[in-house]
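Student: coords below, sequence missing:
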């Protein structure tokens, strides 16, 4: 780690950190940014960042745990395992890491438009001009946004958000802890120069907790979520005592549904409550020209998650 | 552990052997080298195939420390000390791994390009699970891209290799006594061992001395004039050998009509070629494209065909007012079918009990996207002789196309390599081949040009976009009385075969539906996007996709069962049709009703059909629906084939036919046919390389012509050689040649088989015998494919799931059941059925960008999304050649999309009017 910090210091913004490589290499191959980092620091050999452990009421997951190890660990809550299992393909899950999944760049096709095909394209996210999706092809874009409408691509983030997890980021001589929802900014992550994700900290769940991860895609696997819902529900005799929901594919970050959670708390689960909750869940969303259907999907997933139906996919 | 840059060597253990590679040396490891690159280029292990080079297709999968990983997304520098296993490391000496053997036995591949990656993923699975469940198998292979659809047979192979029972046979055929030695029986493909062991050499595996790499600089604008190109910086880059722009190359034009310049002052779509670079390495060439500075004058683009046809629209070509191509190009002679006009629409509509009018469009521009990207290697023997290594299903045609473009002065020779999938598209490879040829001419060295996957998706062949606005008249008993319609066909920035596709498509509608009164009138429009062109289904699929829904509206009105409609209307013996050349042909084939009935029975059509716009079942938000459609094509006997056949005295034969294996298994089938005629064991018959300088003319296995046309020429060549052999033998037996027979390299009297003389004694060792066979076009036969589908639609999310497919056909005589099954499974690949569900090219219609030019965003069917599938295949002999077979492979994809469209509309109880049926469209339809 010390060596890593000194390298990060030495190369500053010229350097990018490489873990699984599955996202970073595409940056080099497609050359979709105007500037390309000229140093890659490979952190994969840092074995001390590949751990899953339980202590002090929390589960600690090191940034370099592979997605397949995460998906198969009995220590990990089902919701998070399912989210991990829904990512990409088995080979990618063998390579990709928890930290990398959280830090991967967005999938907006304008942003990622390759140089080989006449790119890169300048856009709001790259520091100039409008978000091209607004008046362009936006079927997969966010339902919330200001200047950039690229949704957060990380399935783990959505799951971790419903689990109220924290992200531990470090750099030389400093560690800080952020709630996962605050890890994302409209134009990137909260990582500052020289920082990397070290760990994810997940509070324990009660054994009675209902947890679900529903991910809507056109097909399994490979696809990024068009919409996803991660849910954690504490129920007693049909009454929701506590819950947290987070939506993926909706905005630049996993979108916690706090209003809806508030609405549901103390309610007896029945169809009209579920219906009403889904309305609360989608309130305030403003679709672009082509992505209004995402609201329908989100409503459906919300209802299914409250009912405990996993009929979005066979994950 | 990863290596450190200051380390001198990096050590890799590959297939048990340790390699120490010098770090920082381009012959060793550079920091940016991927493991795939190191394996292929440094260690020479070319069995690991690279397709997408972006971690999206699985073809480069290797096993690293016991786990399947993608070698294209792994940097070699981080593999220090790792144990890596590649396809080459699976066999123990001569002995194949049981998995490889099972793949070979089950023909668990078609083009074979994805196979090494699949085998490695399966191996990694079996290392963890001795007897994996079917779900585990599907999961383990779920990231593997295969457009031929080898999936089902791959699952069989893995199950068998792990000692498990196979699921029920997907091919439903009638008991039949097979009278042949090979024909009709499953035979291991002649290239099976090369495919499963990773030794099959595709174009990307060819290395020539001094070979350079070509790259293309592409336009960022959909429509622009090039004002200035500055090459100085790019030329100064070390390793750059040539840069060509429109100013440097002759005015070479392709297309039909021939209007598309290879490099032009004007660019007409985002991704159009602006400059070509040849350099010592691929990276240097790519780097050079970045250093070229181009100044453009932007022109207004046009993407919508309706807008393009306006008088005020910007013109792509001065020669084509309103962006309309001339309707007649004479592609199939002076009377080429450009419009279908028979009888009287007015009379037909008068006679009808119901008349409907509607509009449907199939304009999602699906891309069949074969796994191997379009590529070519070219070199010049001298200034007049060009040789091109090509990857195409019809390599002789490449010679013809290039010869026409380059002119009579240039002698073109093509060498056809195994083709990693084409589905028709690679017949449009001439620009890629010319790029290589021009760069080779400029540098005096061989040049390879291989498109990257994004270039493949954004600048190569798409399906044509078709919109139909029309009217249909129908009698109360379902009889069709009139079909009238205008077809607007958008071909993108140029056309090579769009006229031909329409001519064939207009012929095919008459095969599907007999009707006295037709008037279908197409127009072909050019727009500022990547070009449409040849794709499996060749015009017919595109027209069916819009015509069948229109027919359905009339059936709905009169409550006609679509199965009964198609059954009644499909061409029957004694009927006929106007074919592509404008001539009328009387159909002399068989009645397909029996196959259709059997298909309906296996599918359970009667029980499932509940009437129009009525789901067959519903549970909660899930609605099920069924659909059926049919397609037939008289291309089974189209065009010319020629073959030579040489008999060797040692009892062997060589077939000279210019064919390459592109996944259908047809090479093995031609050899099977030849082996039958000559009475030789299959391993005594081989195919000569597809070298246009040694083989005779061959149109190629396009359409479904392979079995009848190419097979016919091969059979005739074998018969011709056999006749000559027996004539030569007759004096030795002192009898008429007709009384002689040959088997296993021996000639004998039919009446006295014990008296034999080997070929070697008849021929002597200084003689070979040559036969010649030619196939002349025959448009009097058609094939038939009926597809039944069941879908489930989630009405809350708009998601469509394909649950079940039953295909029904009659092929006369099966040549190879496993190969045939593969072709029929192919209905799920290559822009087939899924062009109704999720296959589409997303075009930004303001700026001209293709937004899904990668294998994540371009959707394709995965192992985890396989429907249940069965194929009813009957064998009623056709009047073709001695085996009575016809081909059917091409049309497997064609009826499916229209069947799915119907099924979804039935499920949701609403008509949709555009393909594909995305959640967005379904939800919109449900809200209307």
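Tutor: Great, that's in hand. Given the structure is predicted, the values throughout are model-derived calculations rather than measurements.
Student: Stretch B:70-87 vs chain A: in contact?
Tutor: Yes. For stretch B:70-87, a contact with chain A is found by C-beta under 8 Å from any C-beta of the partner chain, at B:70, B:73-75, B:77-78. C-beta: built from backbone N, CA, C; applies to glycine.
Student: in that stretch, what's buried?
Tutor: B:70-80, B:82-87 (16 or more other C-beta atoms under 10 Å in any protein chain shown).
Student: quick one, helices of the stretch 101-250 of chain A?
Tutor: Secondary structure of the stretch 101-250 of chain A (DSSP state H, counting those that start in this stretch): helices at A:155-162.
Student: Residue of it nearest chain B, please.
Tutor: Residue nearest to chain B within the stretch 101-250 of chain A (C-beta to the nearest C-beta): residue A:118, separated by 3.4 Å.
Student: My understanding was that that residue contacts residue B:267; is that so?
Tutor: No. Residue A:118 lies out of contact with residue B:267 (C-beta atoms under 8 Å); the separation is 9.2 Å.
Student: Between the two, which contacts overlap?
Tutor: B:219, B:221 (C-beta atoms under 8 Å, 6 or more residues apart in numbering or on different chains).
Student: burial measure for the residue of the stretch 101-250 of chain A closest to chain B, as a count.
Tutor: By the measure other C-beta atoms under 10 Å in any protein chain shown, the count of residues near residue A:118 is 24.
Student: Determine the next helix or strand in the C-terminal direction from the helix or strand hosting residue B:757.
Tutor: Here residue B:757, judged by DSSP states H and E, is contained in strand B:752-758. Where DSSP H and E defines the elements, the next helix or strand beyond strand B:752-758 is helix B:759-763.
Student: so how far is the helix or strand just after that next one off the chain centroid?
Tutor: Proceeding N to C from helix B:759-763, the next assigned helix or strand is strand B:769-775, under DSSP H and E. Remark: strand B:769-775 is offset 28 Å from the chain centroid, using C-alpha atoms, centre = their mean, to the nearest Å.
Student: The helix or strand that comes right after strand B:769-775 - contacts with which helices or strands?
Tutor: Using DSSP H and E, the helix or strand that follows strand B:769-775 in sequence is strand B:785-794. Packing partners of strand B:785-794 (3 or more C-beta pairs under 8 Å, 6 or more residues apart in numbering or on different chains; DSSP states H and E): helix B:593-603, strand B:622-631, strand B:799-810, helix B:896-908.
Student: Counting by contacts, list what the helix or strand hosting residue B:399 packs against.
Tutor: According to DSSP H and E, residue B:399 maps onto helix B:395-406. Packing partners of helix B:395-406 (3+ C-beta pairs under 8 Å, 6+ apart): strand B:253-254, strand B:385-390, strand B:411-416, helix B:430-443.
Student: Which stretch among the ones you listed approaches chain A most closely?
Tutor: helix B:430-443 (14.2 Å).
Student: Could you pull up the mean pLDDT of that closest one?
Tutor: Mean per-residue pLDDT for helix B:430-443: 98.
Student: Quick check: buried residues in the following helix or strand past it?
Tutor: Per DSSP H and E, the first helix or strand lying C-terminal to helix B:430-443 is strand B:447-450. Using 16+ other C-beta under 10 Å as the test for burial, strand B:447-450 gives B:447-450.
Student: okay if I get those residues as TSV plus distance to chain A?
Tutor: Shown next, in TSV, are those (distance: C-beta to the nearest C-beta, whole Å):
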residue	distance to chain A
B:447	18
B:448	16
B:449	13
B:450	12
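Student: The closest residue to chain A within the stretch 601-750 of chain B and residue B:792: what is the separation?
Tutor: Closest to chain A within the stretch 601-750 of chain B is residue B:621: 7.0 Å, counting by C-beta to the nearest C-beta. Separation of residue B:621 from residue B:792 (C-beta to C-beta, to the nearest Å): 10 Å.
Student: and the helix ranked longest in chain A, what other elements does it pack with?
Tutor: Ranked by residue count and defined by DSSP state H, the top helix of chain A is helix A:293-307. If you count contacts as 3+ C-beta pairs under 8 Å, 6+ apart, helix A:293-307 packs onto strand A:210-216, strand A:227-236, strand A:239-248, helix A:271-282, helix B:919-927.
Student: repeat that for 6 Å
Tutor: In terms of contacts (3 or more C-beta pairs under 6 Å, 6 or more residues apart in numbering or on different chains; DSSP states H and E), helix A:293-307 is packed against strand A:210-216, strand A:227-236, helix A:271-282, helix B:919-927.
Student: so what secondary structure elements neighbour the second one?
Tutor: Spelled out, it's strand A:227-236. Checking 3+ C-beta pairs under 6 Å, 6+ apart, strand A:227-236 ends up next to helix A:155-162, strand A:210-216, strand A:239-248, helix A:293-307.
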